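Student: sequence and predicted structure, then a few things I'm wondering about:
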Amino acid sequence: MTRSFQVTFTRSGKTLAVDETEGVLGAGLKAGLALAYDCRKGRCKTCMVKVDGIIDQSEAWLISNEELADGYALICVGKPRSNLRVHA
C-alpha cells in the first residue's frame, strides 16, 4: 500500500493529496494548476522551484548539490516523501 502526502502549491493556495509514486508536477497539472515545465524528464530545469519538505529527486538529472541544499527541486520527476510546500 502506498502513502500519500499533502502538497500545497503556494501561489494558488491549493492543497492536493499526492501519492508517493506520483510526480508533483503531474499531480498539479491534473488538478488544473498552471505550472512551468518542458521536458518532464528532469533534464531542463524549467520546473525547478523551491520546495519545503522531503522530495525524492533520484530521477533528476540536471540539479546541482548546491541547488538541492538550497531547497530547490525538479517537480517534474520529484515525488513526495513528506508533506510539501511547493513555491509555484
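Tutor: Sure, I can see it.

Student: now do the helices in this structure.
Tutor: 24-30, 65-69 (DSSP state H).

Student: ok, now which ones touch Val49?
Tutor: Contacts here follow C-beta atoms under 8 Å, 6 or more residues apart in numbering; on that basis Val49 touches Tyr72, Ala73, Ile75, Val86, His87, Ala88. All C-beta atoms are positioned from the backbone trio N, CA, C, and that covers glycine.

Student: which among the residues you listed gets closest to Ile54?
Tutor: If you rank these by distance to Ile54 using C-beta to C-beta, Ala73 comes first, at 9.9 Å.

Student: for Met1, see how far away the residue nearest the centre of the chain is.
Tutor: In the chain, the residue lying closest to the centroid (C-alpha atoms, centre = their mean) is Ile75, at 2.9 Å. From Ile75 over to Met1 the distance is 24 Å, taken as C-beta to C-beta, to the nearest Å.

Student: Arg11 too?
Tutor: 32 Å.

Student: out of these two, which sits in the busier spot?
Tutor: Legend: neighbour count by other C-beta atoms under 10 Å for Arg11 and Met1, higher for Arg11 (12 against 2).

Student: which positions in stretch 40-57 come out as buried?
Tutor: Arg40, Gly42, Lys45, Cys47, Met48, Val49, Val51, Gly53, Ile55, Asp56, Gln57 (16 or more other C-beta atoms under 10 Å).
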